[in-house]
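*Asks:* attaching a predicted model along with its sequence, questions to come.
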Amino acid sequence: MTCPSHDPSPGRIYTRKIIAIEPSHPPRTKKRSRWDKFFESIPEPLLDRERPHEVVDRNSGQVYLQSFEKPSRALSKGASWVHETPFLPEGWKGWEEANARGAPSLRHAAMRQALSDQRDLRPELFVSIPWRIAKSLWDCLGKCKKQTSHAWKVFATAYPEEFRQLAPHRVMKVENPLMAMQDYLGLVRSESLSWKATLTLAATHARVPDLVGLANIPNLVALEIATPLQFEGVQEESEAPMVNLNDRIVRSWAELAQTSKGLANLRVLMLQHQSEISSAALRYLHDLPALQFLVLNGCRVIPVGATVGLELEGWAVVDIGEVPKSLHAIYTKTLEIDGAEQSSLPAEAPMFSLQVGQKTLKVLRATSKQIHQAVGYDPICLRRIKGYTDRPVKRLKAAPPQSSAGPKRAVMKERKLKDLGGMLQDFL
């Protein structure tokens, strides 16, 4: 590389050549660790967080791996858009009506702009919009296959009378959960009771606060908890426990029902393979005011060979015919039974059904090499006994305090002390 250089003396021009100085020996390359080789084998789209790198603590000399997780892009859009997208298909023109020159009408241009991002849709935006125009918006979403659950809930809230005749039932299945359980519970909750909700928790992991938090869903009318059978030792110690009920959780439901009206509209409860509940749980479930039917499959609380008419803690075994496997179908069938209590919510209200986890009728083995064993579906239906009064619980009498076997300690007797006037009288 050369560059011109001017000499102070006039009429002369010199050139200066710059030569790069190369090192005498090649630079040392850092030895790759096994973590670098592992992450290099993973495709870039699957890397949601930075690679962990080794850090040395100068005080203790310990070496640990440090990584920084980045928030998911899907979660940044909101819980409603983790499994669905709010945007219209790019370049979609199938539902637009063009004029003779090929340009879309002003009406369709406005509709496309309104539906371009469904995150902006709110029920209050449709207050002054007639149902005729709102129906055309819903039809447009159907043509481009973008009738999302969020849009369904918005229309069900804004047009309760008209929309339930057009789309009375919405089903959403999430077989591979990507969010926390609280986020999924928020998808079915409706504080205004604009729609009824059925929830199925199948082969998924949940904490005890998540199960207790089910009582905070006011529009929940049917609940199913289906845990696959597992052999002992199947689950790893580091793995979160699968959803499983016990008497303490059911007791919390009963207490919330009395104090804060929790599960006020729950009508049907279906439990599959819940081995940790006892007859005490049935007694607690009787405190839920709207609960009318229990469907139990593979639960030890029901004795073997239970027949129709058996009464157990305020519940009686009944025959409702063939029990469907769908929770929504079971709820609908209970409404058709003669003499059954009517639902606390309107029967014609729209229904939103959510399933979290994959339902299976197989026994989970410790290893994938072993063959799965099928589990039969033979549920038993229990119905609330009208006018049943729970027997008072007998309380144990408090035992008298036991005297210690050791020697007794000396206790000073109380003496009546004289006042100052009495003491002066003795000296006189």
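*Replies:* Perfect, thanks for sending it.

*Asks:* give me the contact list for the helix or strand hosting residue 317.
*Replies:* With secondary structure defined by DSSP states H and E, residue 317 is part of strand 315-318. When contacts are defined by C-beta atoms under 8 Å, 6 or more residues apart in numbering, strand 315-318 is touched by residues 282, 285-286, 294, 306-311, 380-385. Where C-beta positions appear, they are placed from N, C-alpha and C, glycine not excepted.

*Asks:* what about residue 223? Give its phi and psi, please.
*Replies:* Here is the backbone geometry of residue 223 (degrees, to the nearest 10): phi -130, psi 130.

*Asks:* show me the shaky parts of the protein.
*Replies:* Across the chain, the stretches falling below the confidence threshold (pLDDT under 70) are 1-51, 67-77, 92-103, 229-242, 360-375, 390-428.

*Asks:* touching, residue 88 and residue 116? I think so.
*Replies:* Yes: Residue 88 is within contact range of residue 116, at 5.7 Å (criterion: C-beta atoms under 8 Å).

*Asks:* now the closest residue to residue 291 other than its chain neighbours: how far from residue 221?
*Replies:* On the basis of C-beta to C-beta, 6 or more residues apart in numbering, the spatially nearest residue to residue 291 that is not a chain neighbour turns out to be residue 266, at 5.4 Å. When distance is defined by C-beta to C-beta, to the nearest Å, residue 266 is 6 Å away from residue 221.

*Asks:* from the contacts of strand 315-318, which would you call buried?
*Replies:* With neighbours counted using 16 or more other C-beta atoms under 10 Å, these contain these buried positions: 282, 285, 286, 294, 380, 381, 382, 383, 384.

*Asks:* which residues does the last one bridge with?
*Replies:* This points to residue 384. Beta-bridge pairing of residue 384, defined through DSSP bridges, involves residue 315.

*Asks:* check the fourth one too.
*Replies:* For residue 294, the beta-bridge partners under DSSP bridges are residue 269, residue 382.

*Asks:* quick one, what contacts it?
*Replies:* Taking C-beta under 8 Å, 6+ apart as the definition of contact, the neighbours of residue 294 are 269, 270, 271, 282, 285, 315, 381, 382, 383.

*Asks:* surely the third one is within a helix?
*Replies:* No: Residue 271: not assigned to a helix; according to DSSP: H, G, I helix; E, B strand; the rest coil it is strand.

*Asks:* ok, it - how many residues close by?
*Replies:* A total of 23 residues lie near residue 271 under the criterion other C-beta atoms under 10 Å.

*Asks:* hang on, it packs against residue 277?
*Replies:* Yes: with contact defined as C-beta under 8 Å, residue 271 reaches residue 277; the gap is 7.2 Å.

*Asks:* run a quick neighbour tally on residue 332.
*Replies:* A count of nearby residues for residue 332, using other C-beta under 10 Å, gives 16.

*Asks:* ok, the one 4 residues further on next?
*Replies:* Residues lying near residue 336 (other C-beta under 10 Å) number 8.

*Asks:* over to residue 110?
*Replies:* Other residues within reach of residue 110 by the criterion other C-beta under 10 Å amount to 12.

*Asks:* likewise for residue 319?
*Replies:* Counted with other C-beta under 10 Å, the burial measure for residue 319 works out to 10 neighbours.

*Asks:* now do residue 268
*Replies:* Based on other C-beta under 10 Å, the number of other residues close to residue 268 is 25.

*Asks:* what about the residue nearest to residue 291, distance to residue 220?
*Replies:* From residue 266 across to residue 220, the span is 6 Å (C-beta to C-beta).

*Asks:* strands of the stretch 301-428 of the chain, residue ranges please.
*Replies:* 311-312, 315-318, 351-356, 362-363, 373-374, 380-384 (DSSP state E, counting those that start in this stretch).

*Asks:* domains in this structure, by residue range?
*Replies:* Domain segmentation of the chain under automatic domain parsing yields 33-56+63-70, 76-167, 170-391.

*Asks:* can you tell me which of those domains is most buried?
*Replies:* Mean neighbour counts were compared across the domains of the chain using mean count of other C-beta atoms under 10 Å; the top stretch is domain 170-391, at a mean of 17.

*Asks:* out of the strands of the stretch 301-428 of the chain, the one nearest residue 126 is which?
*Replies:* Between residue 126 and the strands of the stretch 301-428 of the chain, the shortest gap by C-beta to C-beta is with strand 351-356, which sits at 18.4 Å.

*Asks:* show me what the closest one is packed against.
*Replies:* helix 149-158, strand 169-174, helix 181-188, strand 196-202, helix 327-335 (3 or more C-beta pairs under 8 Å, 6 or more residues apart in numbering; DSSP states H and E).

*Asks:* how about those in JSON lines, adding distance to residue 347?
*Replies:* Formatted as JSON lines, the entries for those read as follows, by distance: least, C-beta to C-beta, whole Å:
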{"stretch": "helix 149-158", "distance to residue 347": "15"}
{"stretch": "strand 169-174", "distance to residue 347": "13"}
{"stretch": "helix 181-188", "distance to residue 347": "19"}
{"stretch": "strand 196-202", "distance to residue 347": "9"}
{"stretch": "helix 327-335", "distance to residue 347": "6"}
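
*Asks:* so which of these comes closest to residue 215?
*Replies:* Minimum separation from residue 215 across these (C-beta to C-beta) falls at helix 181-188, 10.6 Å.

*Asks:* dump stretch 287-295 to PDB, keeping only the CA atoms.
*Replies:* Only the C-alpha atoms of stretch 287-295 are listed here, as PDB (Å, rounded to 0.1, in the frame of the first residue of the first chain):
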ATOM      1  CA  ASP A 287     -69.600 -28.400  49.900                       C
ATOM      2  CA  LEU A 288     -69.300 -27.000  46.400                       C
ATOM      3  CA  PRO A 289     -72.800 -25.600  45.800                       C
ATOM      4  CA  ALA A 290     -73.200 -26.100  42.100                       C
ATOM      5  CA  LEU A 291     -71.500 -29.500  41.800                       C
ATOM      6  CA  GLN A 292     -74.000 -32.200  40.800                       C
ATOM      7  CA  PHE A 293     -72.100 -35.000  39.100                       C
ATOM      8  CA  LEU A 294     -68.800 -36.800  39.800                       C
ATOM      9  CA  VAL A 295     -67.300 -39.100  37.100                       C
END
